[in-house]
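K.L.:
what follows is a predicted structure for the sequence shown.
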Amino acid sequence: MSRSIGQTYDRRVATLKRRRDFLDKRVADYHGKDMSRDLAEASAIDWALAVIESNYESATNIILKQQAEKEIGR
C-alpha cells in the first residue's frame with residue numbers, strides 16, 4: 001500500500017527535523033575542535049524546512065511528480 005502525498009510530506013519533514021535536532025544536540029554537547037560543519041548543516045536544514053513548510057503545495061507537487069516517475073520506471 002502506497003503512502004498518500006500528505007503522509008510522504010509529513011514523513012520527510014519529520015526526518016529533516018530529527019536530523020536538525022540531532023545536530024543541535026551534537027553542537028550543544030560538542031567537545032571537539034571544529035563544529036562548523038555541523039552548524040552549517042543544521043542551518044541549511046532550518047532554511048530548507050522554512051522553505052518547504054511555507055510552500056506546502058509546491059512540496060507536495062514535487063512528491064507527486066517523484067511518485068509518478070517511480071511508477072513509470074517500474
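P.N.:
In hand now; what should we look at?

K.L.:
what comes up buried for the longest helix belonging to the chain?
P.N.:
Taking DSSP state H as the criterion, the chain has its longest helix at helix 5-28. By neighbour count on 16 or more other CB atoms under 10 Å, the buried set for helix 5-28 is 8, 9, 13, 20, 23. Every C-beta, even on glycine, is put in place using the N, C-alpha and C of the backbone.

K.L.:
what is the helix or strand following that helix packed up against?
P.N.:
Sequence order places helix 36-54 as the next helix or strand after helix 5-28, per DSSP states H and E. When contacts are defined as 3 or more CB pairs under 8 Å, 6 or more residues apart in numbering; DSSP states H and E, helix 36-54 sits against helix 5-28.

K.L.:
tell me the pLDDT at the spatially most central residue of the chain?
P.N.:
The chain has residue 16 as the residue nearest its centroid, 3.2 Å off, counting by CA atoms, centre = their mean. Looking at residue 16, its pLDDT stands at 98.
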